[in-house]
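*Asks:* Just the structure for this:
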Amino acid sequence: MVTHQSPASRAQFAALALTLLTSAALLPQRANAFTYSLDDGSVTGSVSIGGGTEGYLLNAFQVVPGQTIVTAAEFAFGVHDGASFDIVLFRDGNNDGDPTDATLVSQDTVAKPASGPTGVFTSYAFSTPGTFTAGDWFFVGAFEPALTSLAISYDTAGGLSSWVSFPGAAFPGGTLETAPFFSFPNDFMIRATAIPEPTTALLALLTLPLALRRRRK
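*Replies:* The predicted structure is shown next:
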């Protein structure tokens, strides 16, 4: 018995096949995900900007070869209360590891878990992943709205690659160790997730639908 598919059926089948192929092609990228981290995994305490002041809590990372697409941020919270905040991803303007001249890549509103243990990381995906070059500096962290206690955990040592910034405030920001009202020689427990750049074969696969649509016209 011979059956015939309508053009619509063939198009649906082709779309399904492409989805499956793309998912399979992306598996190696996800399997090779890399975590950028400053902390040592041990919680010493937690910190918020507080006082009705809004600002940024950031960690600075330098891109390693092969892990150039930043897709998500992870946070360990000292308090779980479901409060809303923004995750942020910045590009360093002059690659000196200082966020003073940073430019925003992605900002998304999320919420803390309503409950949970201290020191366990929660991951949030960026709506716009950042693509960087090996050796670049970038900043991942949180924008804490006024009157919100973010309570990001910090670890036992460090401080010079974790930053606090107060846009429009009367006092300057700085590293967690040097910023006014902080002076903690510690690191924020903020991490970033990155994946390798897609291979040439994967890029060709992802652009196939566009090529097919152009051919039909």
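
*Asks:* Output the host helix or strand of residue 108 as CSV, nothing but the C-alphas.
*Replies:* Here residue 108 sits within strand 103-111, counting by DSSP states H and E. Provided in CSV are the C-alpha atoms of strand 103-111 (Å, rounded to 0.1, in the frame of the first residue of the first chain):
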residue,chain,number,x,y,z
THR,A,103,28.2,47.5,29.6
LEU,A,104,25.0,45.6,30.2
VAL,A,105,24.5,42.3,28.2
SER,A,106,21.5,40.9,29.9
GLN,A,107,19.1,41.7,32.8
ASP,A,108,16.2,39.5,33.9
THR,A,109,13.9,39.6,36.9
VAL,A,110,13.8,36.4,38.9
ALA,A,111,12.9,35.4,42.5
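
*Asks:* got the contact list for that strand?
*Replies:* 82-91, 93, 124, 126-130, 138, 143 (CB atoms under 8 Å, 6 or more residues apart in numbering). For glycine as for every other residue, the C-beta is placed from the backbone atoms N, C-alpha and C.

*Asks:* Not counting sequence-adjacent ones, nearest residue to residue 128?
*Replies:* Nearest residue to residue 128 in three dimensions, chain neighbours excluded: residue 106, at 4.0 Å (CB to CB, 6 or more residues apart in numbering).

*Asks:* Could you do residue 43 as well?
*Replies:* Per CB to CB, 6+ apart, closest to residue 43 is residue 119, 4.4 Å.
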